[in-house]
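S.K.: what's the 3D shape of this:
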Amino acid sequence: MQTRDKRFKTLARAVTLGLEGPDSARPPESGRKAVEELQAYFSKVDAHLTPAARELTDEDVVRLVKDAR
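M.R.: Numbering: from 1, shown residues only. Predicted coordinates:
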C-alpha cells in the first residue's frame, strides 16, 4: 500500500520528467511549477475528505472502482 505522500511523489516525478524530458521545449521551471500546483491541489482536496475517505487504502479504491463497473 502506498501512502498519499508516496503516490504524490510518484505522480510529481512523472510530471516533472515528462515536462523536463529532452523532447520538451518547456524549461525545467515549468516542472517545478506543476509540482507546486499539484501540492496546492492535494492540500485543498485533503481538507474536504471525510474521516472514512482518509482511511481508504489503494486496495479499497481499486475494489470500489471495480465494483462500480
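
S.K.: Please enumerate the strands of this protein.
M.R.: With DSSP state E as the criterion, the chain has no strands.

S.K.: The helix of greatest length in it: which residues count as buried?
M.R.: Taking DSSP state H as the criterion, the chain has its longest helix at helix 28-46. The neighbour-count check on helix 28-46 (16 or more other CB atoms under 10 Å) flags 31, 34-35, 42 as buried. (Glycine included, C-beta is placed from N, CA and C.)

S.K.: Alpha carbons only: can I get that helix in CSV?
M.R.: Output of helix 28-46 as CSV, limited to C-alpha atoms (Å, rounded to 0.1, in the frame of the first residue of the first chain):
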residue,chain,number,x,y,z
PRO,A,28,12.7,23.0,-16.1
GLU,A,29,10.9,25.6,-14.1
SER,A,30,7.6,24.5,-15.6
GLY,A,31,8.1,21.1,-14.0
ARG,A,32,8.6,22.7,-10.6
LYS,A,33,5.5,24.9,-11.1
ALA,A,34,3.5,21.8,-12.0
VAL,A,35,4.6,20.1,-8.8
GLU,A,36,3.7,23.2,-6.7
GLU,A,37,0.3,23.3,-8.4
LEU,A,38,-0.3,19.6,-7.6
GLN,A,39,0.7,20.1,-4.0
ALA,A,40,-1.7,23.0,-3.6
TYR,A,41,-4.5,21.0,-5.2
PHE,A,42,-3.9,18.0,-2.9
SER,A,43,-3.8,20.3,0.1
LYS,A,44,-7.1,21.8,-0.9
VAL,A,45,-8.8,18.4,-1.6
ASP,A,46,-7.4,16.8,1.6
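
S.K.: Who are the packing partners of that helix?
M.R.: Where contact means 3 or more CB pairs under 8 Å, 6 or more residues apart in numbering; DSSP states H and E, helix 28-46 is packed against helix 4-20.

S.K.: Nearest residue to residue 42 in space, please, no chain neighbours.
M.R.: residue 8 (6.0 Å; CB to CB, 6 or more residues apart in numbering).

S.K.: Check the buried residues of helix 28-46 and tell me the two furthest apart.
M.R.: Using CB to CB, the two most remote members of the buried residues of helix 28-46 are 31 and 42, lying 16.7 Å apart.

S.K.: low-confidence ranges in this structure?
M.R.: Counting by pLDDT under 70, the low-confidence segments of the chain come to 1-4, 14-30.
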